[in-house]
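> this is a predicted model, with the sequence first.
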Amino acid sequence: MNEQKTLPKNATTSASKGWLERLGLFGLASIEAPLLAALVTQNPLLLIGVHGTAKSLLLTRVASALGLDFRHYNASLLNFDDLVGFPLPSKDGKLEYVGTPASIWGAGAVIFDEISRCRPDIQNKLFPIIHECRVQGISLEGLRYRWAAMNPPSTDEDENGYAGSEPLDAALADRFAFVVEMPTWAQFAPAQQLAIIRAIETPIQTEDAQFLSDAINRTRRMLEMLQDSFADGAASYVQTVVALLAQAGLVLSPRRTNLLYRGVLAVNAAALAIDSHADASEATLCALRSGLPHRAQGIPISELKLLTAHREAFKTTRLVQDDPLRAILCASGPLEKFKLAIKTTGLSKEDFSTVVADVLAQLPSGEREAVAVHLFETGSVGRLHAAIATQAAELYRGVAVPPPFQEHMHEANLVFTTWDRIKDLRSQLDPRDSRAQLQANAIASLFARQQLDTPDDAERAFAAFADADRMLRAA
Amino acid sequence: MSIPHTLSMLYNTSMRRHLGAPSNNHVNNNGLQTVVAGGKSVGGEILYSGQRFFGTPMRFQLDEEWRRLQPRIMLTRLGVKPERSPGIDPIQQLVLLINKRADELPLPDGCLAITSQQCHPIFWSDPLTALAILSKSSDTLWLRSKSPSLLAATYYLSRTLIVPPNFCSYPSKAKK
């Protein structure tokens, strides 16, 4: 629908045009840095976008601008013979491939279009090409760039996916260091939309190709500098963000952590090469966005979780190696995080408040109340900003001061059944145990606040409070 | 035939979720103590009494007349002579005194604050201590590090802190 064509050279003359716009590709400034990073690192790049978002055009224009001998395959129609040519026995009895103009031998760049639509056996054969520049075990000398493009895969969760565009195999998706999502029509500014509407295809001008080469060279120099100055920060960022994403249900492979680290450095270098005032946090977020393989696998990524993880992790780039906040952010779960934060008395009020606010937001019913109790019992509530302390106090009030309530209802009502289950649970408690008093109050408070809808909810919260309370007191 | 419906709340108005449900049973809660100490269940209704707080309630209170006092007079009531030097007004002088007293109090740095009742014991009866609590309190919380608000102090006049058991050995030693 919005397949781009290149705009006539005289249509825009601004000297501040980005390298993609110079190649006749509009509205793509947001992905210039990761694409430039992919060109500099020569790591595999996958573009994901709805039809007509200039994925193929972009890759072919870039290959042309760099003067690369490239092959553009439609993976959905590809046969292996198309890639390697025809096998013939040589004079010495070995098998040689007779190439065709379309075969992969001698190519500097390959583009596998529609990679999500190709047969699994072909996908398996593309795997070593993308991963290690080899085919049938033979090294592809001269192959520097491996690029692919696909539509968003169809999944049960995502109704916007394409029928026929299958999620990539996790191992194949993990080989793409850069997984870049193409901007859509709605994301373009009005002027960019008009530029796309009026675009016609023109040859790439020498100066525009040179502009791209210069940008690549600048990025290389920046990358060398950042590998000295930002290596620790980037490593710390990746370590923390990987832990936080895992807590949010997005698990990354060990290989991906390395790809992400190199991506963070390269995208920051590219961002600085494009704009010397580029914001490091923005560039790092961009690297994170384009460094996650999940979208290729049809796994949705929550923007909120991504931003939260990034924000927390980016703080660690400024921390010294043994800063306790780093360990807290990397802790395996919210309760672990809370325990560490409580123990770390040197934590600033702001950091402690942030950690506790995150913990309270992440914990399930029962554990949240146990955390509130612990904050007050240890006096740690005094280390919090008033807003977060008040949030904890609201929870603690229900536990420390039993909430009397009274209600009449039909006994067939699920709420009454839930209350009946709560009575059973409370009857198991020892009244001489002060912790039992808290546990009973916690469950009653949750019920009163309508946070227990079923007897199962009540059982879970009841056990969760007891377990968390025990764990926190032991700590 | 219509089924009679009643809903009564002693405390938590958010429990009014079943207004449309026919009712013939009682859900009520008044604490663990009597439930497990042999409280009777009659038609789904459980009645208890017993321990109401986890920790020790401590009441802090100012007399009603403090609502009308000017900061200068408050200082005098506290036995402090208002400073005459320029740049220091009575409010600043009070704030310094309140913060100093709050720092001395053998309480945790934060405490749950609730509405006072006559049955809540008073451990410190002096007005400066009451100011140190009331001026740093909200509806649910007292925070030692909070900036004092004379407006809050004179608005509340009385608050009760629930001091957790871990800290409850302090007050008897410090009682004035």
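Looks like it came in fine.
> so B:Pro165 makes contact with A:Ser434?
Yes: look at B:Pro165 against A:Ser434 with Cβ atoms under 8 Å: they come within range, at 7.1 Å. Where you see a C-beta, it was placed from the backbone N, CA and C, and this is true even at glycine.
> between the two, what contacts are shared?
Taking Cβ atoms under 8 Å, 6 or more residues apart in numbering or on different chains as the criterion, B:Pro165 and A:Ser434 both touch B:Phe54.
> low-confidence ranges, chain B, go.
Across chain B, the ranges flagged by pLDDT under 70 are B:1-52, B:168-176.
> try 90
B:1-56, B:81-89, B:165-176 (pLDDT under 90).
> ranges for the helices of it?
B:33-36, B:71-77, B:90-104, B:127-134, B:150-156, B:170-174 (DSSP state H).
> what does A:Ser302 show for phi and psi?
Note on A:Ser302: backbone dihedrals following degrees, to the nearest 10 are phi -70, psi 120.
> what is the neighbour count of it?
12 (other Cβ atoms under 10 Å in any protein chain shown).
> do I have it right that it meets A:Ala248?
Yes: with contact defined as Cβ under 8 Å, A:Ser302 and A:Ala248 form a contacting pair (7.0 Å).
> report the contact partners of the residue of chain B found nearest chain A.
Nearest residue of chain B to chain A (Cβ to the nearest Cβ) works out as B:Asp109 at 2.0 Å. B:Asp109 makes contact with A:379-383, B:143-145, according to Cβ under 8 Å, 6+ apart.
> also A:Pro364?
Contacts of A:Pro364 by Cβ under 8 Å, 6+ apart are A:460-461, A:464.
> go again with 7 Å.
A:Ala464 (Cβ atoms under 7 Å, 6 or more residues apart in numbering or on different chains).
> again, but for B:Thr140
Contacts of B:Thr140 by Cβ under 7 Å, 6+ apart are A:390, A:393-394, A:397, B:112-113.
> which of these sit farthest apart?
A:Glu394 and B:Ala113 (11.7 Å; Cβ to Cβ).
> neighbour-wise, which of these two wins?
Neighbours per residue, other Cβ under 10 Å: of A:Glu394 and B:Ala113, the larger number sits with B:Ala113, 24 against 16.
> how near is A:Arg421 to A:Trp185?
With distances taken as Cβ to Cβ, to the nearest Å, A:Arg421 is found 53 Å from A:Trp185.
> more neighbours: these two, which one.
Using other Cβ under 10 Å as the criterion, A:Arg421 and A:Trp185 rank with A:Arg421 on top: 20 against 14.
> report how many residues lie close to the closest residue to that one other than its chain neighbours.
Leaving aside its sequence neighbours, A:Arg421 sits nearest to A:Pro455 (Cβ to Cβ, 6 or more residues apart in numbering or on different chains; 3.6 Å). A:Pro455 has 17 neighbours, counted by other Cβ under 10 Å.
> show me the contacts for A:Pro455.
Neighbour list for A:Pro455: A:417-418, A:421 [criterion: Cβ under 7 Å, 6+ apart].
> try it again at 10 Å.
A:414, A:417-422, A:424-425 (Cβ atoms under 10 Å, 6 or more residues apart in numbering or on different chains).
> now swap in A:Ala269 and tell me
So A:Ala269 contacts A:33, A:36-37, A:40-41, A:218-227, A:230, A:278, A:283 (Cβ under 10 Å, 6+ apart).
> cool, A:Ala458 as well?
By Cβ under 10 Å, 6+ apart, A:Ala458 lies in contact with A:365-366, A:417-425, A:443, A:446-447, A:451-452.
> among those residues, the buried ones, what's the ChimeraX command?
To isolate the buried ones among the contacts of A:Ala458 in ChimeraX, judged by 16 or more other Cβ atoms under 10 Å in any protein chain shown, type:
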select /A:365,366,418,419,420,421,422,423,425,443,446,447,451,452
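> closest to chain B among the contacts of A:Ala458?
Among the contacts of A:Ala458, A:Trp419 lies closest to chain B (Cβ to the nearest Cβ), at 4.7 Å.
> packing partners for the host helix or strand of that closest one?
Per DSSP states H and E: A:Trp419 is located in helix A:414-427. Helix A:414-427 sits against strand A:405-409, helix A:434-448, helix A:455-474, strand B:25-29, helix B:33-36, strand B:41-42, strand B:45-46, with contacts defined as 3 or more Cβ pairs under 10 Å, 6 or more residues apart in numbering or on different chains; DSSP states H and E.
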